[in-house]
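J.: quick one: sequence plus predicted model below, questions after.
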Amino acid sequence: GTDSTEAPAKPKRSFYAARDLYKYRHQYPNFKDIRYQNDLSNLRFYKNKIPFKPDGVYIEEVLNKWKGDYEKLEHNHTYIQWLFPLREQGLNFYAKELTTYEIEEFKKTKEAIRRFLLAYKMMLEFFGIKLIDKTGNVARAVNWQERFQHLNESQHNYLRITRILKSLGELGYESFKSPLVKFILHEALVENTIPNIKQSALEYFVYTIRDRRERRKLLRFAQKHYTPSENFIWGPPRKAQPEGSKAQKPPSPPTAGQQGQTSMHKKPKESKNASSAAQGVSKAAEDKKVASKEAAEETDKPRAEPGSEAAQPGESEQDGAADDSSPRAEQTVTHPKEQKENASPPEKDEAADSRSQDGGSPGDAGAHDAAPLP
């Protein structure tokens, strides 16, 4: 509900989501491909050479016989990792993570790309959405009312959407993400047709997008339509909150954990807040490595909402520190138990269920239910 008096508790941010999505957007820093380059399971599956395991079904059968079979698409939880592979290991141990070499080969293989786009269309239709052109624009499908109602209630599908968005980015369709995320935000915030998805859309879907300007556009759009507006904790601060706004920010007394966290958020801003950086001297050198790469993003990045107990993507995900170099420190603030509370409600509720059902990888379910990262 959007009751302004006793609106739902103010949303909280998930540090693990921010960390996972930061790593995804930055091509998994410090992560090395484990598999040999000649394995190429995902590409061979998409070339119709091998079936996906454990079901033993080939891609052509999935595209031809599963399309429109919403019961099967809803209740089978092993196909999604094969249709939308990632560079992260999921819980379906039969599915193999992509390698950088395989990604390049995949992009050069026309039949694989053709089938990949058909798989994307099939899943969009399952959600009640249709792809309307070659640039990734989407609209309501004919069956949108029934499917949106289902999507609003079947929240483990939000994990699937995160995986799909990530996979689009890996396999050459980064530009398809923004139109889909914008569409979902519009339906959730303006049309109110999928209200339950809004937290996932803002916490996860938006932050799969690698272009910071695109993310900002989407966050501004969401902020304009979000109710209650004071509960909007993503994106750039209001104009009235420049550098000195930190003192005004806390709506609740900072806890010891929050103080530790605040100092961590400040560290990547060494150039702007030298005094704050002193609080984290021991980690400053480590943080600098990633922070320097992120300098452009940091200068005007969104500020953290103090009331939120987990890292803000506005901060952490653009700060190298919170996501790459200093997760260890912040993990002392946000423990796995807390992180489930911090995850968006859908993901919190679906955590154990969805990971087992959809083989949630750290990018699929991990972003949502904070699976450990590779």
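T.: Sure thing, it's come through.
J.: so where is this structure shaky, pLDDT-wise?
T.: 1-8, 34-38, 236-374 (pLDDT under 70).
J.: select the longest helix from it.
T.: helix 110-127 (DSSP state H).
J.: what sits up against it?
T.: The contact list for helix 110-127, computed with CB atoms under 8 Å, 6 or more residues apart in numbering, reads 43, 46-48, 59-60, 62-63, 66-68, 70, 73-74, 83-84, 106-107, 130-131, 138, 141, 143, 147-148, 151, 157, 160-161, 164, 168, 171-173, 176, 180. No exception for glycine: its C-beta is placed from N, CA and C like everyone else's.
J.: try 7 Å this time
T.: 43, 46-47, 59, 63, 67, 70, 73, 83, 106-107, 130-131, 138, 141, 147, 151, 157, 164, 171 (CB atoms under 7 Å, 6 or more residues apart in numbering).
J.: now intersect the residues you listed with the helices, please.
T.: Those of the contacts of helix 110-127 lying in helices (DSSP H): L43, Y46, I59, Y70, L73, L83, F106, K107, R147, L151, N157, I164.
J.: pretty sure E97 contacts E88?
T.: Yes - E97 lies in contact with E88 (CB atoms under 7 Å); the separation is 5.8 Å.
J.: one step back: output the ones in helices among the contacts of helix 110-127 as JSON lines; include the columns distance to L118.
T.: As requested, the ones in helices among the contacts of helix 110-127 are exported to JSON lines (distance: CB to CB, whole Å):
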{"residue": "L43", "distance to L118": "16"}
{"residue": "Y46", "distance to L118": "10"}
{"residue": "I59", "distance to L118": "9"}
{"residue": "Y70", "distance to L118": "17"}
{"residue": "L73", "distance to L118": "14"}
{"residue": "L83", "distance to L118": "10"}
{"residue": "F106", "distance to L118": "15"}
{"residue": "K107", "distance to L118": "16"}
{"residue": "R147", "distance to L118": "18"}
{"residue": "L151", "distance to L118": "21"}
{"residue": "N157", "distance to L118": "19"}
{"residue": "I164", "distance to L118": "13"}
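J.: tabulate these (CSV), appending distance to L117 and neighbour count.
T.: As requested, those are exported to CSV (distance: CB to CB, whole Å; neighbours: other CB atoms under 10 Å):
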residue, distance to L117, neighbour count
L43, 15, 21
Y46, 11, 24
I59, 12, 25
Y70, 20, 16
L73, 17, 20
L83, 11, 26
F106, 12, 21
K107, 12, 16
R147, 20, 21
L151, 21, 23
N157, 20, 25
I164, 12, 25
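J.: what is the nearest of those residues to T227?
T.: L151 (20.3 Å; CB to CB).
J.: wait, that closest one sits on N157?
T.: Yes - in this structure, L151 is within contact of N157 by CB under 7 Å, at 5.8 Å.
J.: can you name every helix or strand that whichever strand or helix holds E104 contacts?
T.: Assigned by DSSP states H and E, E104 falls within helix 100-108. Counting contacts by 3 or more CB pairs under 7 Å, 6 or more residues apart in numbering; DSSP states H and E, helix 100-108 is packed against helix 41-46.
J.: between E97 and E88, which is the more surrounded one?
T.: Shown here are E97 and E88; by other CB atoms under 10 Å, E88 has more neighbours (26 against 21).
J.: quick one on the thing from earlier: between the longest helix of the chain and helix 100-108, how many degrees?
T.: Orientation of helix 110-127 against helix 100-108 (axes from the mean of the first three to the mean of the last three CA atoms, to 10 degrees) gives an angle of 90 degrees.
J.: make residue 1 into 30 and carry on from there
T.: Fine by me, first position is 30 from now on; the one you just mentioned is helix 139-156.
J.: for helix 139-156, buried residues please.
T.: 141-142, 144-156 (16 or more other CB atoms under 10 Å).
J.: which two in the residues you listed are spaced the farthest apart?
T.: Most distant of the buried residues of helix 139-156, by CB to CB, are A141 and F156, 22.9 Å apart.
J.: measure W95 to F155 for me?
T.: 9 Å (CB to CB, to the nearest Å).
J.: quickly list what's touching both of those two.
T.: In contact with both W95 and F155: L102, using CB under 7 Å, 6+ apart.
J.: for F234, grab the count of nearby residues.
T.: Neighbours of F234 under the rule other CB under 10 Å: 25.
J.: quick check, it in a helix?
T.: Yes - judged by DSSP: H, G, I helix; E, B strand; the rest coil, F234 forms part of a helix.
J.: so it touches K211, yeah?
T.: No - counting by CB under 7 Å, F234 sits too far from K211 to count as a contact (9.9 Å).
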